[in-house]
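[1] sharing a sequence plus its predicted fold:
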Amino acid sequence: MYTAAPQEAPAVYAPAPQQPPAQGMVPQAKPKAPPKSKTSREDVGAFIQEMIAMCAYVKELETQSHLIHLNYESSNFLAVHKFLKEQYESHLEQFDTLAEFIRSMDYLLPMCGCGLKDALPEFKNVTSYEPKGMLGTYYKNLEELANKAKRLEGIAQKISAIDIANYMADLVGQCFKSSWFIKATLRGM
């Protein structure tokens, strides 16, 4: 059988009053707030400018790999053609990911290719239709992108953008692997 609870309100117990510290005893220090972030808005803005420059670089790599894909002629055409198709598709995905990271930090990319070109500090262009020359320029640009990503990975760590830092580390691996494939191809030519 069920018995109802008593209808009295529960008693509220107050903590016992604290005694002042006795002579010679040191009172405990108040807990301190965690240190404020040393990241300034200027640091983040400079980082974003470098990310935009990296986006511009990746977009140029996409165009360069696509044009080499279309213009490459050699005995290893089929393999290189397939590899470069994967590369320019990969660069498009890299561009999109970098742009999304920029947007996630409440910044925007330029609205046109001219704006991206203005953000592009330097880029080696292909100057010859000769297979070794095209691939040589492309792999040097890949290695340059990897070095830029290495540098930005460290900055991303400093501003606590861990997701971007992790992606930069992955991007370094992608670029150096692709560069290695091209160098291995060029050794046989």
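    Cool, the structure landed. Residues are numbered from 1 along each chain as shown.

[2] let me know the distance separating residue 141 from residue 175.
    Distance of residue 141 to residue 175, given as CB to CB, to the nearest Å: 9 Å. Any C-beta I mention is one placed from the backbone N, CA and C, and that applies to glycine too.

[3] higher neighbour count, the two?
    In this view residue 141 and residue 175 are compared by other CB atoms under 10 Å, and residue 175 has more residues nearby, 25 against 22.

[4] ok, the more buried one - contacts?
    Neighbouring residues of residue 175 by CB atoms under 8 Å, 6 or more residues apart in numbering: 142, 143, 145, 146, 149.

[5] helices or strands up against the worst-scoring helix or strand of the chain on mean pLDDT?
    When each helix and strand of the chain is scored by mean pLDDT, DSSP states H and E, helix 113-119 comes last, with a mean of 89. With contacts defined as 3 or more CB pairs under 8 Å, 6 or more residues apart in numbering; DSSP states H and E, helix 113-119 has these neighbours: helix 41-71.

[6] tell me which residues of the helix it packs on are tucked away?
    44, 47-48, 50-62, 64-66, 68-69 (16 or more other CB atoms under 10 Å).

[7] near residue 83, how many other residues are there?
    For residue 83, the count of nearby residues is 18 (other CB under 10 Å).

[8] so it makes contact with residue 181?
    Yes - the criterion here is CB atoms under 8 Å, and residue 83 meets it with residue 181 at 6.7 Å.

[9] secondary structure class for residue 109?
    Look at residue 109: counting by DSSP: H, G, I helix; E, B strand; the rest coil, its state is coil.

[10] need the contact list for it.
    Contacts for residue 109 (CB under 8 Å, 6+ apart) come out as 52, 55, 99, 102, 103, 115, 116.

[11] skipping adjacent residues, who's closest to the fourth one in space?
    What that stands for is residue 102. Using CB to CB, 6 or more residues apart in numbering and skipping residues adjacent in sequence, the residue nearest residue 102 is residue 51, 5.3 Å away.

[12] one more: the second one?
    In space, not counting the residues next to it along the chain, residue 55 is nearest to residue 98; the distance is 4.9 Å by CB to CB, 6+ apart.

[13] quick check: that neighbour vs residue 117, distance?
    16 Å.

[14] so those two - more neighbours on which side?
    residue 98 (25 against 13).

[15] can you tell me the element the more buried one falls in?
    Assigned by DSSP states H and E, residue 98 falls within helix 77-104.

[16] show me what counts as buried in that helix.
    Within helix 77-104, the residues that count as buried by 16+ other CB under 10 Å are 80, 83-84, 87-88, 90-92, 94-95, 97-99, 101-102.

[17] same check, this time on stretch 147-155
    Residues 148, 149, 152, 153, 155 are the ones in stretch 147-155 that count as buried (16+ other CB under 10 Å).

[18] chain neighbours aside, what residue packs nearest to residue 94?
    residue 58 (5.0 Å).

[19] thought residue 85 was touching residue 69, still the case?
    Yes - contact criterion CB under 8 Å: residue 69 and residue 85 qualify, at 5.7 Å.
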